[in-house]
Each structure stands twice: as C-alpha cells, then as structure tokens.
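>>> coords please:
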Amino acid sequence: MKHIIIIGIGTGNPEHVTIQAINAMNAADVIFLPLKGPGKEDLAEIRREICERYITRPDVRIAEFDVPQRQTADRTYTQSVDAWHGDIANIYGDLISSLPDDGTGAFLVWGDPSLYDSTIRIIERVRQTNSVDFDYSVVPGITSIQALAASHKIPVNLVGKPVEVTTGRRLVRDGLQTDSTIVMLDGEQAFAKIDDPDAEILWGAYLGTKDEIIRAGRLGDIAAEILTLRAEARQRHGWIMDIYLLRKGRDFEE
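Alright, predicted model coming up:
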C-alpha cells in the first residue's frame, strides 16, 4: 500500500527539524514540495535547504507542485476555505496516485501539522474520495508558539491559568477571553483594534530564521511600532508569518 508521511519541519530554522523528521524524510521515495507563487519563493527555498541538508539517500526524489490560490469573491470565509481545500485535495490525489504501489511520499509542513494547518484534513479528504488507496502517519514539529516563547524567553502560561489559541479574525469578534491569548493567522493586525492598552504584547515574525523580528511591551505603547515593522517587513520580503501573545495579569495573582 502507498504511504504518506506528514512531517512538521518547524518555523523556518533548519535546526528545528527533529531526528524523527530527518528519519522520515529519508524513508520517503518522494518529497512533495509546495510552491506558493510569486513573492513567497523563500518558503520553498527553506524547504529545499532542509532537504539538501538532511536527506542522505541518493534516490529520494523532490517533486514540486503549485498550490492554488484561495478564491474569496462572493464566498464566506468557510466557503472559500472549503473550496480551496477541495482544489488542493485534487492535487494531492494526483501526487499520491503517482507513487508506486508500495511507495512512500512526504509532505513537509511548516510548524506542526496539528496547529492551524490543514494538511491532515486535506489528506483525509483525499482518502474519503476512494480515488487512491493509501495510509499515512504524522511527525510532529516545533510550533510557532514554542518558537515565540523561546525567542522572548518566557513560559506561555501564567501560573495555574489557561491559554487560548485563536485567530486574528476571532480576536476582533470576541476580544480577550483569557489571561494569555496566542493569536495566529492575523492578516488584519487585530491587536491594534483591542481596547485594552495595559495588556502586554509579545510579538514575533519570521521566528527562527535569520530575518526574525521580536518586540514586547505594553500594547498601548508599541502597537503602532509593530504595525510599522510588520508593513515594512512584508514589503521587503513579499510575505510575512507572525504570531503574538497577549497577556494580562501576573504569576500568582488570583
């Protein structure tokens, strides 16, 4: 039976790649490498660097493929994501079908496959179509949450208190709900819309890479600086991946 390995590779630093991930890459016959279009060539290049650094089997093949753009016109967010996943599932199905009957293919996933990444659910979607028979396994990776905490030298949670992981879209809608809120996928810079200037923000972009930027401070003091830094960095690189922690209170406060 064909086999697929979904491999978490961390947030851009090749040294985030675990020994388990390296062994999985070398167990694959083909590494499927996504191309996300103009302006995002760095994302493919980092994956290529990881392959060059860690793959030692001479017969492992790299197969690059284009990732379709998500279409948002006249669709809700959920509708656009569902249709986009369907388009990607069709591509994944073709890639998996190209494997020999006992072949192994691998997808390299930024961060960890379990956290705001849809590779697992798309692979399940391919399986449910019954168009190709295969099984799969998952190798975890270092998440952007871990990288953010390491760069800021902090624990994510306050003592005995919960942590929420959410998106920028939901933060705007719901506001701060917990003492520690990790915000991902924030294309609209939701932190600047939160009316709580005394909250603390710990922000990072390009975490783990040579281009890493981090800032921390009282939200009311540095929100504008982060907006400027983010806009400049996105223009310079053509893309940005950032994450932040909003925190209220202190350890041992009731």
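>>> for stretch 154-163, buried residues please.
Neighbour counts over stretch 154-163 (16 or more other C-beta atoms under 10 Å) mark 156, 157, 158, 163 as buried. Every residue, glycine included, has its C-beta placed from N, CA and C.
>>> I meant to write stretch 6-24 there.
Within stretch 6-24, the residues that count as buried by 16+ other C-beta under 10 Å are 6-14, 16-18, 21-22, 24.
>>> kindly report the same for stretch 236-253.
Result for stretch 236-253 [16+ other C-beta under 10 Å]: buried residues 237, 240, 241, 242, 243, 244, 245, 246, 247, 248.
>>> pull the most distant pair out of those.
Largest separation among the buried residues of stretch 236-253 by C-beta to C-beta: 237 and 248, giving 31.5 Å.
>>> pick the one among the buried residues of stretch 154-163 closest to residue 60.
Set against residue 60, the nearest of the buried residues of stretch 154-163 by C-beta to C-beta is residue 156 (35.8 Å).
>>> can you verify my assumption that that closest one contacts residue 180?
Yes: shown here, residue 156 and residue 180 form a contact pair, counting by C-beta atoms under 8 Å, at 6.2 Å.
>>> quick one: common contacting residues for those two?
Common contacts of residue 156 and residue 180 (C-beta atoms under 8 Å, 6 or more residues apart in numbering): 163, 245.
>>> where exactly do the strands run in this structure?
With strands called from DSSP state E, the chain shows them at 2-8, 30-35, 61-66, 104-109, 134-139, 163-167, 180-184, 200-205, 213-218, 242-247.
>>> please enumerate residues in contact with the second one?
Counting by C-beta under 8 Å, 6+ apart, the neighbours of strand 30-35 from elsewhere in the structure are 25, 43-44, 47-48, 51, 55, 60-67, 95, 98-99, 103-108.
>>> which of those count as buried?
Buried by 16+ other C-beta under 10 Å: 25, 43-44, 47, 51, 55, 60, 67, 95, 99, 103-108, out of the contacts of strand 30-35.
>>> out of those, which one has the weakest pLDDT?
In terms of pLDDT, residue 43 ranks lowest among the buried ones among the contacts of strand 30-35, with 86.
>>> and the closest residue to that residue other than its chain neighbours, how many neighbours does it have?
Excluding its sequence neighbours, the residue lying closest to residue 43 (C-beta to C-beta, 6 or more residues apart in numbering) is residue 36, at 5.7 Å. Using other C-beta atoms under 10 Å, residue 36 has 15 neighbouring residues.
>>> before we move on, what about the one 5 residues further on?
For residue 41, the count of nearby residues is 14 (other C-beta under 10 Å).
>>> from here on, count from 12
Right, with 12 as the first residue, what we last looked at is residue 52.
>>> which residues sit in contact with it?
Going by C-beta under 8 Å, 6+ apart, residue 52 touches residue 249.
>>> for the one 5 residues further on, same thing?
When the contact criterion is C-beta under 8 Å, 6+ apart, the partners of residue 57 are 23, 25, 220.
>>> who does residue 253 form a beta bridge with?
residue 216 (DSSP bridges).
>>> wait, it sits on residue 216?
Yes: assessed by C-beta under 8 Å, residue 253 is found in contact with residue 216 at 3.8 Å.
>>> joint contacts of these two?
residue 241.
>>> from the buried residues of stretch 247-264, pick the one nearest residue 154.
residue 254 (9.1 Å).
>>> the residue nearest to the closest one when sequence neighbours are not counted and residue 214, how far apart?
Among residues not flanking residue 254 along the chain, residue 155 sits closest, at 4.7 Å (C-beta to C-beta, 6+ apart). Residue 155 sits 12 Å away from residue 214, going by C-beta to C-beta, to the nearest Å.
>>> now residue 127: how far from residue 53?
Noted for residue 127: a distance of 20 Å to residue 53, by C-beta to C-beta.
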